[in-house]
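> Give me a 3D structure for the following:
(one chain, ligands or ions: 1)
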Amino acid sequence: MSDKGKSSKVSGFYKKSIRERIEFVKKFSDLTDEETNLFSSCLNMDIADRMIENVLGTFEIPLGIAVNFLINDKEYLVPMAIEESSVVAAASNAAKIARIKGGFKTKCTDPLMIGQIQILQIDDVVGAAKKIISKKKEILHLANEQDKVLVKFGGGAKDLEARILDSPLGKMIVTHLIVDVRDAMGANAVNTMCEALAPMLEELTGGKVRLKILSNLADKRIVKAKAVFDKEKIGGESVVDAFLESYNLAAIDPYRAATHNKGIMNGIDSLIIATGNDFRAIEAGAHAYASRSGQYTSLSCYYKDKNGDLVGELELPMAVGIVGGAGNINPKARLCKKILGIKTARELAEVVVSLGLAQNFAAVFALSTVGIQKGHMSLHAKNIAVMAGAKGKEIDKVATQMVKEGKIKLDRAEEILKEIK
Ligand code: MEV
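The predicted structure is shown next:
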């Protein structure tokens, strides 16, 4: 498949066998046989043993592929590692609808991370903060001495802020070191720089440095994705209005916003995990960003455009890397990055946020129309059928019967299984 003519748009992908799906991905992403064999392999025990402590084994979750993604006019197949049913199908469906109006468009800041250095026991915090700023050049120079490779690639410490905060222990200065981390997530580079700056900042301020650590509220590393969802395709004006009614609750009510944002993170986390990135860092940043106004609210926003189509936008910090970390060590994470065909951390971040928007649209669309249980239940019923001991064709038979009866329970699955045996 030539790069130019290739399309991620495919109908009935879920009906194909696993082998057929792998063949499709293999062609799309130019994978070797060795790479496709990785899909059914587990993480090597020696690698696992080097990644964390006290290793006993590995823990598997399904890896699926979301199809139909068109982002900034480029075709993507999106790997998703997730244990929840319906999520991959929902993302694919949303991406298919988004394509009608040109797919997802994104905007992205430079990959700037913040490192925090906390300085306490200072007599004159205002004077000390001024001193820090006056020595900005020297401080940035010392920070950049710590990572010459990053600087060579155009990254490195770029700016400095001195924030004065009041606490029950008195006033303190929190110095923010702003670092362009290029294609890395950046935690290691930033933490190393912050630690190296501590003695210099103590000397400058006469205070005592305590914390020296990256902030996961990466609000200088923001990605925004936008898509237009065709009014006719989603069921007309009344559905657009119903969607906006649902969305508005997430905008005003933290109880709904938490669930709404969880739906966004269903998509985001699954790609973050598939590429070996740190999903706790992304979660922490996302929810802190959702509270930036002082009230926790929706990370996405929706409105009608002049044609009456539904416009969706999602904006959040996206601290992802394509070099270093678990994403380099885990062969399956490397494979997922190859499937995506991404060249930079920025591109990965743009795909992640587009996926989050697709996922959010799909969930709110379902909730505003048929509800989500319909989609969830058929796969859930299959799982219950398997738990009851169904095998091969029995699984579909037991599941279909339970869905028909609206009773998806283990005891009922066991009864049906007995009846059909
Ligand atoms: C379930 O995993 C996610 C949803 O609850 C998200 C939402 O309510 O928007 C369906």
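
> Quick one: mean pLDDT for the strand or helix carrying residue 149?
Secondary structure assigned from DSSP states H and E places residue 149 in helix 148-152. In this model, helix 148-152 has a mean pLDDT of 97.

> what element comes up after it heading to the C-terminus?
Past helix 148-152, further along toward the C-terminus, the next helix or strand under DSSP H and E is strand 156-167.

> Can you name the next helix or strand after that following strand?
Sequence order places strand 170-180 as the next helix or strand after strand 156-167, per DSSP H and E.

> Could you list the buried residues of that following strand?
Neighbour counts over strand 170-180 (16 or more other C-beta atoms under 10 Å) mark 171, 172, 173, 174, 175, 176, 177, 178, 179, 180 as buried. Any C-beta I mention is one placed from the backbone N, CA and C, and that applies to glycine too.

> Redo those as a markdown table? Include pLDDT and distance to the ligand.
Converted to a markdown table, those look like this (pLDDT from 0 to 100; distance: C-beta to the nearest ligand atom, whole Å):
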| residue | pLDDT | distance to the ligand |
| --- | --- | --- |
| 171 | 97 | 42 |
| 172 | 98 | 39 |
| 173 | 98 | 41 |
| 174 | 98 | 35 |
| 175 | 98 | 39 |
| 176 | 98 | 34 |
| 177 | 98 | 36 |
| 178 | 98 | 34 |
| 179 | 98 | 34 |
| 180 | 98 | 34 |
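
> And the residues you listed, which is closest to residue 117?
Using C-beta to C-beta, residue 175 is the member of those that lies nearest residue 117, at 4.4 Å.

> I'd assumed residue 116 was in contact with the closest one.
Yes - between residue 175 and residue 116 there is a contact at 7.3 Å, judged by C-beta atoms under 8 Å.

> The ligand contacts on this structure?
For the chain, the residues in contact with the ligand (C-beta under 6 Å from any ligand atom) are 84, 259, 260, 262, 263, 266, 363, 364, 367, 372.

> What about the nearest residue to residue 82 once chain neighbours are set aside, how many residues nearby?
Closest residue to residue 82 apart from its sequence neighbours, by C-beta to C-beta, 6 or more residues apart in numbering: residue 270 at 3.9 Å. Neighbour count for residue 270, taken as other C-beta atoms under 10 Å: 30.

> likewise residue 404?
Neighbour count of residue 404, defined by other C-beta under 10 Å: 9.

> May I see the buried residues of whichever strand or helix holds it?
Using DSSP H and E, residue 404 sits in helix 393-405. Buried positions in helix 393-405, judged by neighbour count with 16+ other C-beta under 10 Å: 394, 395, 397, 398, 399, 401, 402, 403.

> Residue 278 and residue 180: what is the separation?
As judged by C-beta to C-beta, to the nearest Å, residue 278 and residue 180 stand 19 Å apart.

> same thing with residue 228?
As judged by C-beta to C-beta, residue 228 and residue 180 stand 32 Å apart.

> Name the residues that touch the helix holding residue 149?
With contact meaning C-beta atoms under 8 Å, 6 or more residues apart in numbering, helix 148-152 is reached by 144, 156, 179, 180, 181, 182, 184, 189.

> Quick check: which ranges of the stretch 301-421 of the chain have low pLDDT?
Along the stretch 301-421 of the chain, segments meeting pLDDT under 70 span 375.

> Tell me which residue of it lies closest to the ligand.
Relative to the ligand, the nearest point of the stretch 301-421 of the chain is residue 363 (3.7 Å; C-beta to the nearest ligand atom).

> secondary structure element for that residue?
Here residue 363 is covered by helix 345-368, with elements defined by DSSP H and E.

> As PDB, could you dump the C-alpha coordinates of that helix?
What follows is helix 345-368, C-alpha atoms only, in PDB (Å, rounded to 0.1, in the frame of the first residue of the first chain):
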ATOM      1  CA  ALA A 345       6.300  13.500  20.400                       C
ATOM      2  CA  ARG A 346       4.200  16.500  19.200                       C
ATOM      3  CA  GLU A 347       2.600  14.300  16.500                       C
ATOM      4  CA  LEU A 348       1.800  11.600  19.100                       C
ATOM      5  CA  ALA A 349       0.300  14.200  21.400                       C
ATOM      6  CA  GLU A 350      -1.900  15.400  18.500                       C
ATOM      7  CA  VAL A 351      -3.200  11.900  17.800                       C
ATOM      8  CA  VAL A 352      -3.800  11.300  21.600                       C
ATOM      9  CA  VAL A 353      -6.000  14.400  22.000                       C
ATOM     10  CA  SER A 354      -7.900  13.700  18.700                       C
ATOM     11  CA  LEU A 355      -8.600  10.200  20.100                       C
ATOM     12  CA  GLY A 356      -9.800  11.700  23.400                       C
ATOM     13  CA  LEU A 357     -12.200  14.000  21.500                       C
ATOM     14  CA  ALA A 358     -13.500  11.100  19.400                       C
ATOM     15  CA  GLN A 359     -14.000   9.000  22.500                       C
ATOM     16  CA  ASN A 360     -15.800  11.900  24.300                       C
ATOM     17  CA  PHE A 361     -18.100  12.600  21.300                       C
ATOM     18  CA  ALA A 362     -19.000   8.900  21.000                       C
ATOM     19  CA  ALA A 363     -19.900   8.600  24.700                       C
ATOM     20  CA  VAL A 364     -22.000  11.800  24.800                       C
ATOM     21  CA  PHE A 365     -23.600  10.900  21.500                       C
ATOM     22  CA  ALA A 366     -24.700   7.500  22.800                       C
ATOM     23  CA  LEU A 367     -25.800   9.000  26.100                       C
ATOM     24  CA  SER A 368     -27.900  11.600  24.300                       C
END
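
> per-residue confidence for the residue of the chain found nearest the ligand?
Closest residue of the chain to the ligand, C-beta to the nearest ligand atom: residue 263 (2.7 Å). In this model, residue 263 is scored at 98, pLDDT.

> my read: it touches residue 364, true?
Yes - assessed by C-beta under 8 Å, residue 263 is found in contact with residue 364 at 7.3 Å.

> between those two, which one's more packed in?
A count of neighbours by other C-beta under 10 Å puts residue 364 above the other of residue 263 and residue 364, at 27 against 23.

> host element of residue 194?
Using DSSP H and E, residue 194 sits in helix 187-205.

> If you count contacts, what does that helix end up packed against?
strand 112-120, helix 125-134, helix 136-145, strand 170-180, strand 208-214 (3 or more C-beta pairs under 8 Å, 6 or more residues apart in numbering; DSSP states H and E).

> got the angle between that helix and helix 136-145?
Relative orientation of helix 187-205 and helix 136-145, computed by axes from the mean of the first three to the mean of the last three C-alpha atoms, to 10 degrees: 140 degrees.

> quick check: mean pLDDT across helix 187-205?
In this model, helix 187-205 has an average pLDDT of 98.
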